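Asker: Any chance you can model this:
(2 chains)
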Amino acid sequence: MKKIKIASIWCEGCSGCHMSFLDMDERLVELINKGLEINATPITDLKIPDDDTDIGLIEGAVATDHHEEEVKMMREKCKFIVAIGDCAVFGGIVTMRNYIPTDELLKRGYIETESTVEGKIPTSPELGKHLPKVKAVNEIIKVDYYIPGCPPSADAIYYVLNEILEGRKPILTGDFLKYE
Amino acid sequence: MEKIKIKINGQEVEVEQGKTVLQVAKELNLHIPTLCNFEPLLPQGSCRICLVEDRGKLVTSCTTQVAPNMDIKLDTTDVIASRNLILQLLFTERNHYCMYCEASGDCELQKLGYEFGLDHFEFETYERKFTVDNSHNYIVIDPNRCVLCRRCVRACSQLAGHNVLGEMNRGIDTMIIADMDVPLGESSCTSCGLCVQVCPTGAITDKRSYYFGKDIQTEEIYSNCDQCPVGCGVKIYKKKGSNFIVKIYGDFDKENEGVLCKLGRYAGLFEEKPRLTSAKIKDDFGFKKIDFDGIIKTINEKMEDSVVYVDGSLFNEELSLIKKVFKDRVFSLYENEPPIESNVSIDDIKNAKDYIVIGVDLNREYGVIGSFIKRKIFSKNGRLILFDSNFNSLKNVANYVFGTDELESGFEKLKDLDSPIVIYKNLSEKEVEILNKYKNFRFFHLPFETNSIGLLKENIKHKIEKSKNIIFIGKNLQGLKDIAKESFTIVFTPYETDEINKFDLLIPINDGFEREGSFYNVDGKVVNKAKVLDSKFETFGLKAILEELIKVKSL
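Answerer: Residues are numbered from 1 along each chain as shown, chains lettered A, B, ... in the order given. Coordinates of the predicted model:
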C-alpha cells in the first residue's frame, strides 16, 4: 500500500484548526490504516517536512515574514496544499489588524493594555517581522484545496483528507462549508 | 393582461406581459439567485447576481421584462461563470469576513457564498477602511459591510417615504449617506428602522440586537403594535428560552407594508418607564403592601359609591369585563368622540392624490400614515396641504402651508380639489363648522388613544362625575389629578410616577409586551396584540381581579 505523507504548519492562527484535526479522534486511526502518514506537524513537533510530502495542511494567515517563508517551504515540499480554517483561506479574524496601522497596534497591544506595567514592544531578531498586511495563504502561494470555517469541523477535515486518499477531488457543500 | 410566448431553459411557456424574467422564473419554480432584489421594492439590478442568458446576451433577470421571442437560459456555463465572478467581486470589495460580522448566520451574501460553494477569495482583499456611523440612537451603519445593493435607499424613499438615505460618489467609492452626508444621528432620519430590516448584510444593523445571536435562535411572534390606533403589523423576535425581545420588524403582509415608525420599532423596547412593582394601600403612615384578598375586599367595600374611569390603553376584552362588573358607572377619562367621523380607510390613504393635514405632525405621531403620504408626495403622485401654526416637520415636504387660523380662507381656495382626504386629530367647534361645509371631501380622524374606537363601541363616553370613590384603570393619569382630590382613589396602572402617591390604593397591571388582547384600529378593524414577555413584577392580572369581583358580588 502506498503511503500518503501529510505535514502541517500553523501560522497566524489560534491552533483551533489543529484541534479540529485531532477532533477526528478514531477516524484519524482509520485514515492512518488507509495509508496516511503523519510527517512534520506541530503535533509530532517536527519542523521540516520530507521533500516527498503529499499533503501540506496550512493553518493560519500569513502575517510575518517567517510565515511567508514557511508557506513557501511547504509549497516546495508538498504535492497538494490544503488551506484549513478561515485565517488560511480568507485571512480570517487576524485581518482585523489590516484596518489599524501596525505601529499603533503594537503600542496598544504591548504598552497601553490596561493590565500592562512598563511594557515594551518585543524587538528580538528571532521574531518574525510584521508584514504591512495580513494575507490569506493563496495570496502568497498556489493553494489546491480550501476548507473554510472557524474552525472547520472535524467532519469537514476528515471528508477532505479521505477524498484525497481515495483519489477524488474534495468539494465542500452543506454543513461542511461554513465561514464561521 | 396580454400573454406572450417565451422559452425558458428550452421549455416554451406562456407568460403575462409586463412581468420580469425573475418573476416568471419564480412562478415556474425555477431558482435564480438574487441579492439586491427585494419584493416590495422596485428592482434596480445593482448586484448583477441574477444574470441569465437571453439569445446569447447576459441580462439581469430582476430588471428585464419578458418580451416576445425571448430564449432564456438560466444555467449555461457563461451564466454560472459570470455569477461566480460577480460573487467573488462582491466578497472582495470591502470587508466581508464573516468571522467578525454581526450579521453572520442571517446574511444574504453569506448564504449566496454557501449556495455557490465559494471556498476562497480569488482576488486580493480590500484594505480601505470606512468609519462606522454610530451616531444614531438605534441604528449603526457600517459601510465596510455594504454591498451597495441600495435596498435601504429604495426602502427609505419608496416604502417609508422619508427620503433620508441616498448615495454619493460612483463605482467602488459609492457611499450610502444620510441627507447631504451628515451622520445619521444628526440627519432628518425619523428612526423608522426600515433600512435595518431590508439590509441583506451587516451594513445597517439594530443596536439593540447587536451580537444577540442569529434569527434561528429567536422565536418569531406576529402581533400588532398598540402604541397608536394605526395598529401596524409587527414581527417580534424573542430570544428562545428567555424573557427578552431582540428586535421588532414590520410585517410586510399587513396594511403597513412592513413600514413602522419609531414608536413601534424602538420606543417600546428602549424607553423603559419605572414600573409599579407591587400593590400598595395608603394609611396614616404612608403606603404599605396589600395582597390579592385585601384588594378584592377594599374594592368590594368601595364599589357601591364609586365611578370608574378608563382610558384608551385598555383592550376590548378588558373593557367588556369592566362594563360587566361596574355596569353604567364606567366613563372614559378623555374625550374620544371624533369631531367628524372618518369615512376612509388606511388603504384609501395609500391611493389618494391630495391630502389636507390639520395640526398633526405625522413624522412624530401616527408615523406610518405620514410615511404613506410622504411617499406619494416624493414620487410626485400626491400633494400635501398643511394647516399648522406651530412647529411641524411636515412643513419641509408640504406643497402648501397655511396657518391654523387660515382654515376658512384656505379651504375656500381648496374647494375645487377632487375629493381630498382631510386628516386631523382635534378640531375646535368652529373648525368643525368650516369643514362640514365641504361635503365632497373625505375625512380621516386620528384617534387620540390606541383603543378610542373600542371605548365608543362599548358605549363608554367621556364624562366627569364627582363621587366618594374613584376607580381608574389605564396608563394616562394626566386627567385624574384634578378630580381625585377629595375621593378615595383606586388606581390600576403599570407605571410608578410622581403623581401616583396622591392616590390611595395602587394596583400594578401588566404593560406593553406582557399584555394580550384585541383593539380597534383606525379602520375600525379588530387587531390582536400577542403576549410576548412575562411580567417581572407582582402584577395581579386585571382580568383576574375583575373576575374575582364578579364572583364575590354574585355570592
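Asker: For the rest of this, base every contact and every neighbour count on C-alpha atoms.
Answerer: Noted.
Asker: How many residues are close by the residue lying closest to A:G35 once chain neighbours are set aside?
Answerer: In this structure, A:G35 finds its nearest non-sequential neighbour in A:K3, 4.7 Å apart by CA to CA, 6 or more residues apart in numbering or on different chains. Residues lying near A:K3 (other CA atoms under 10 Å in any protein chain shown) number 15.
Asker: do the same with B:K324
Answerer: For B:K324, the count of nearby residues is 14 (other CA under 10 Å).
Asker: same thing with A:I140?
Answerer: Neighbours around A:I140, by other CA under 10 Å: 14.
Asker: near chain B, which residues of chain A show up?
Answerer: Contact residues (CA under 8 Å from any CA of the partner chain) of chain A with chain B: A:86, A:89-90, A:92-93, A:98-99, A:139, A:146-148, A:150, A:172-174, A:177-180.
Asker: Could you turn the buried ones of the residues you listed into a ChimeraX selection?
Answerer: The ChimeraX command for the buried members of the residues of chain A next to chain B (criterion: 16 or more other CA atoms under 10 Å in any protein chain shown) is given here:
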select /A:86,89,90,92,93,98,139,146,147,148,150,172,177,178,179,180
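Asker: What about the residues of chain A next to chain B, which are in strands?
Answerer: Among those, DSSP state E puts A:Y146, A:I147 in strands.
Asker: Near chain A, which residues of the stretch 151-300 of chain B? Just list them.
Answerer: So the stretch 151-300 of chain B never meets chain A (CA under 8 Å from any CA).
Asker: for chain A, which spans come out with low pLDDT?
Answerer: Chain A contains residues with pLDDT under 70 at A:1.
Asker: need the contact list for residue 46.
Answerer: Unless you meant another one, I'm taking chain A. Applying CA atoms under 8 Å, 6 or more residues apart in numbering or on different chains, we find A:L46 in contact with A:N39, A:A40.
Asker: try again with chain B
Answerer: The contact partners of B:S46, taken as CA under 8 Å, 6+ apart, are B:C36, B:L148, B:C149, B:R150.
Asker: how close does the first one get to chain A?
Answerer: Translated: B:C36. For B:C36, the distance to chain A equals 21 Å [CA to the nearest CA, to the nearest Å].
Asker: circling back to that earlier point, in this structure the residue nearest to A:G35 contacts A:N33, no?
Answerer: No: counting by CA atoms under 8 Å, A:K3 stays clear of A:N33, with 9.7 Å between them.
Asker: Chain neighbours aside, what residue packs nearest to the residue positioned nearest the centre of chain A?
Answerer: A centroid search over chain A (CA atoms, centre = their mean) returns A:E59, at 0.9 Å, as the residue closest to the centre. Leaving aside its sequence neighbours, A:E59 sits nearest to A:W10 (CA to CA, 6+ apart; 4.7 Å).
Asker: so which helix or strand takes in A:K47?
Answerer: Using DSSP states H and E, A:K47 falls within no helix or strand.
Asker: How many residues are close by it?
Answerer: 14.
Asker: dump the residue contacts of the residue nearest to it when sequence neighbours are not counted.
Answerer: Distances taken as CA to CA, 6+ apart place A:A40 nearest to A:K47, at 5.6 Å, with adjacent residues excluded. For A:A40, the contact set (CA under 8 Å, 6+ apart) comprises A:I6, A:A7, A:S8, A:L46, A:K47, A:I48, A:P49, A:D50.
Asker: Reformat those as a markdown table; add distance to B:F212.
Answerer: Formatted as a markdown table, the contacts of A:A40 follow (distance: CA to CA, whole Å):
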| residue | distance to B:F212 |
| --- | --- |
| A:I6 | 40 |
| A:A7 | 39 |
| A:S8 | 36 |
| A:L46 | 43 |
| A:K47 | 42 |
| A:I48 | 44 |
| A:P49 | 44 |
| A:D50 | 47 |
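Asker: which of those are buried?
Answerer: Of those, these count as buried by 16+ other CA under 10 Å: A:I6, A:A7, A:S8, A:I48, A:P49.
Asker: quick check, the second one in a strand?
Answerer: Yes: with DSSP: H, G, I helix; E, B strand; the rest coil as the criterion, A:A7 is located in a strand.
Asker: can you tell me which residues contact it?
Answerer: By CA under 8 Å, 6+ apart, the contact set of A:A7 is A:I38, A:N39, A:A40, A:T41, A:P49, A:T53, A:I55, A:G56, A:L57.
Asker: Show me what it bridges to in the sheet.
Answerer: Listed beta-bridge partners, A:A7: A:G56 (assigned using DSSP bridges).
Asker: Chain neighbours aside, what residue packs nearest to A:K129?
Answerer: Spatial nearest neighbour of A:K129, excluding adjacent residues (CA to CA, 6+ apart): A:T64 at 5.1 Å.
Asker: From B:N390, how far out is the one you found?
Answerer: Distance of A:T64 to B:N390, given as CA to CA, to the nearest Å: 64 Å.
Asker: Would you mind telling me which of these two has the busier surroundings?
Answerer: Neighbours of A:T64 and B:N390, each counted by other CA under 10 Å, are more numerous for A:T64; the result is 19 against 11.
Asker: Pull out the buried residues from the helix or strand of chain B with the lowest mean pLDDT.
Answerer: When the helices and strands of chain B are scored by mean pLDDT, DSSP states H and E, helix B:480-483 comes last with a mean of 81. Applying a neighbour-count criterion of 16+ other CA under 10 Å, one finds B:L480 buried in helix B:480-483.
Asker: can you list contacts of that helix?
Answerer: Contacts of helix B:480-483 (CA under 8 Å, 6+ apart): B:L333, B:I464, B:K466, B:E499.
Asker: Export only the CA atoms of that helix, formatted as PDB.
Answerer: Output in PDB follows, covering the C-alpha atoms of helix B:480-483 (Å, rounded to 0.1, in the frame of the first residue of the first chain):
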ATOM      1  CA  LEU B 480     -57.100  62.200  37.100                       C
ATOM      2  CA  LYS B 481     -55.200  64.800  39.200                       C
ATOM      3  CA  ASP B 482     -58.000  67.300  39.500                       C
ATOM      4  CA  ILE B 483     -60.900  65.000  40.000                       C
END
